[in-house]
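K.L.:
No letters, just coordinates:
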């Protein structure tokens, strides 16, 4: 696992940790079942506070990317299926909302693209 934290960038360090682990899990660079370093271990490795890494791990667990198995450690969860299901549910809510607002499909897609670009810092 390779993570690079850039303090001068606009994204908070915990968000950089979260995004990089999430991307590596999604791409398969971190395979399902891969055991992640402990919070303290990763914090030391990256030169971050343990609370920063713990916050990233909590967000990843909420997103279904990782799972904690008590004292056995933290592992890459089986698939991004939970995340994909949550994204599909959010998309369905969005689609219904823009339909009620009277937006065309093109307008709704443009709004979604703008929001994604903003979220990903593009």
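P.N.:
Thanks, I have the structure now. What you see is a predicted model, and the numbers here were worked out from it, not measured in a lab.
K.L.:
Have a look at this structure and report its longest helix.
P.N.:
Using DSSP state H, we find that the single longest helix of the chain is helix 81-101.
K.L.:
Could you point out the helix or strand that follows that helix?
P.N.:
Once helix 81-101 ends, the next helix or strand along the chain (criterion: DSSP states H and E) is helix 105-119.
K.L.:
by contact count, what packs against that following helix?
P.N.:
For helix 105-119, the elements it packs on are helix 81-101, judged by 3 or more C-beta pairs under 8 Å, 6 or more residues apart in numbering; DSSP states H and E. Every residue, glycine included, has its C-beta placed from N, CA and C.
K.L.:
Can you tell me how far the residue sitting furthest away from the middle of the chain is from residue 112?
P.N.:
Ranked by distance from the centre of the chain (C-alpha atoms, centre = their mean), the top residue is residue 102, with 31.3 Å. Distance of residue 102 to residue 112, computed by C-beta to C-beta, to the nearest Å: 16 Å.
K.L.:
With residue 55 instead?
P.N.:
Computed with C-beta to C-beta, the distance linking residue 55 and residue 112 is 27 Å.
K.L.:
Please identify which of these two sits among more neighbours.
P.N.:
residue 55 (18 against 14; other C-beta atoms under 10 Å).
K.L.:
Can you give me the pLDDT of that one?
P.N.:
Here the pLDDT value assigned to residue 55 is 97.
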